[in-house]
Structures are given as C-alpha cells and as structure tokens.
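**Student:** this is a predicted model, with the sequence first.
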Amino acid sequence: MSKAIIYIPNKNPMQSGTAKNNKWILEFITKDPTKNPLMGWESSSDTMSELKLEFSSKELAINYAQKKKIDFDLIEPKKRKTVKKSYADNFLK
C-alpha cells in the first residue's frame, strides 16, 4: 500500500476567519511523478495520488489508515497566536 499523510489544510489566505477549518485530510503521496514529454505536464501512473479523504477528527483518520494498513505520517497543526489589541495601543508607544 502507498504512504499517506494526515493533516489539516491551511486556511484560505484571502480570508481571516477560521470557520470550516476543522477537516482532517488523508492524502496519498505520489510515488513517481514524471514529466510528459509532449506537453510538459507532470503526470503519474499512480492513481492513488488523486485521492483525498476527509475526516471529521484526527482519530477517525488514524483509525481508517490503521484498519486499511496504510503507512502514514501525521502532521499536527501549529497553534495560532492571537494578540489582543485595542485602538488606544497605537498611541501609547
């Protein structure tokens, strides 16, 4: 079986909100990407690389991978630092 990665995708950089950013993705890693000599596109004979599975929790994604005997790497999301500011802080420094 192929190797996969389990992660939460990054939020859209065009928006500041974090809603709908809680899906865990199981994505298979491409084994042998090759370049098409005619068009120059990257292609692969591995069809598993086209598959992305969504899970509502990390545990469900890990259980699925273990049940199907898929080797995986888990990428934990980084915690976001929020700094509370007020308008008055602009004039205090």
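**Tutor:** The structure has been received and is ready for your questions.

**Student:** Ser2 contacts Ile70, doesn't it?
**Tutor:** Yes - counting by C-beta atoms under 8 Å, Ser2 does reach Ile70; the two are 7.1 Å apart. (Glycine included, C-beta is placed from N, CA and C.)

**Student:** check this protein for its longest helix and report it.
**Tutor:** Secondary structure of the chain read by DSSP state H shows that its longest helix is helix 58-67.

**Student:** other residues contacting it?
**Tutor:** Defining contact as C-beta atoms under 8 Å, 6 or more residues apart in numbering, one finds that helix 58-67 is touched by Ala4, Ile6, Trp24, Ile25, Leu26, Leu53, Phe55, Ile70, Phe72, Leu74.

**Student:** okay, buried residues for that helix please.
**Tutor:** If you call a residue buried by 16 or more other C-beta atoms under 10 Å, then helix 58-67 has these buried ones: Ala61, Ile62, Tyr64, Ala65.

**Student:** against Phe72, how distant is the second one?
**Tutor:** Taking C-beta to C-beta, to the nearest Å as the criterion, Ile62 is separated from Phe72 by 8 Å.

**Student:** common neighbours of the two, please.
**Tutor:** Here Ile62 and Phe72 share the contacting residues Ile6, scored by C-beta under 8 Å, 6+ apart.

**Student:** all strands for the chain, in order.
**Tutor:** Counting by DSSP state E, the chain has these strands, from start to end: 3-7, 24-28, 34-35, 42-43, 52-55, 71-74.

**Student:** elements contacting the first one?
**Tutor:** The reference is to strand 3-7. Contact partners of strand 3-7 among helices and strands, from 3 or more C-beta pairs under 8 Å, 6 or more residues apart in numbering; DSSP states H and E: strand 24-28, helix 58-67, strand 71-74.

**Student:** Met39: which of these is closest?
**Tutor:** Proximity to Met39 (C-beta to C-beta) singles out strand 24-28 among the helices and strands packed on strand 3-7, at 23.7 Å.

**Student:** could you give the mean pLDDT of the closest one?
**Tutor:** When pLDDT is averaged along strand 24-28, the result is 94.

**Student:** how about stretch 61-75?
**Tutor:** Rounded to a whole number, the mean pLDDT of stretch 61-75 is 94.
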